[in-house]
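Return atomic coordinates for the entry below.
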Amino acid sequence: MPTATYAGRDVVVTEDGFFADPEQWTEEMAPELARAEGIDALTEDHWRVVKFMRREYEEKGAGPTVRVLGKTSGVPIKQLYLLFPKGPAKVAAKIAGIPKPHGCI
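Take a look at the predicted model:
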C-alpha cells in the first residue's frame, strides 16, 4: 500500500488516499489533509464534523452517510456542502483519518 506524510509522520493510505489505519491519525494532521482537499482553514464547524466522524467510526466501525451526518452532527446538510464542497462525508472522512464511508463514490 502507498504511504503519505502528514505532520511529519508517514502513514499508510489506500489508493484513494484514505488512512488504512485510523489509529495513525492525529489532530495535527487534519489541517494538512484539509488543505489537500482545497480547504484553507478548519473552522469550529469543520472540527465539529471531523470529531463527529471519528466518534461514529469508533462506535460503529464506519463513517456516517451524508444524510446521517446532516441529521446528527449538529451541522445542517446545506452547511456541510459549504464546509466540504467536494462531498461532505467523503472529504470529512479523509480529513478525520477514517476509511471512506460506504456509498461514497
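
In three-state terms, how would the nearest residue to Val66 once chain neighbours are set aside be classified?
Of all residues not flanking Val66 in the chain, Ala89 sits nearest, at 4.6 Å (Cβ to Cβ, 6 or more residues apart in numbering). For every residue, glycine as well, the C-beta is placed using N, CA and C. With DSSP: H, G, I helix; E, B strand; the rest coil as the basis, Ala89 sits in helix.

I'd guessed Ala89 sits against Pro101; true?
Yes. Here Ala89 lies in contact with Pro101, judged by Cβ atoms under 8 Å, at a distance of 4.7 Å.

Going along the chain, name the helices of this protein.
Applying DSSP state H to the chain gives helices spanning 30-36, 44-60, 66-72, 77-83, 88-96.

Buried deepest among those helices, which one?
Most buried of the helices of the chain by mean neighbour count (mean count of other Cβ atoms under 10 Å) is helix 88-96; its value is a mean of 26.

residues in contact with that helix?
If you take Cβ atoms under 8 Å, 6 or more residues apart in numbering as the criterion, helix 88-96 is touched by 17-18, 25, 30, 33-34, 37, 39, 42, 46, 49-51, 53-54, 57, 63-66, 69-70, 77, 80-81, 84, 99-101, 103-105.
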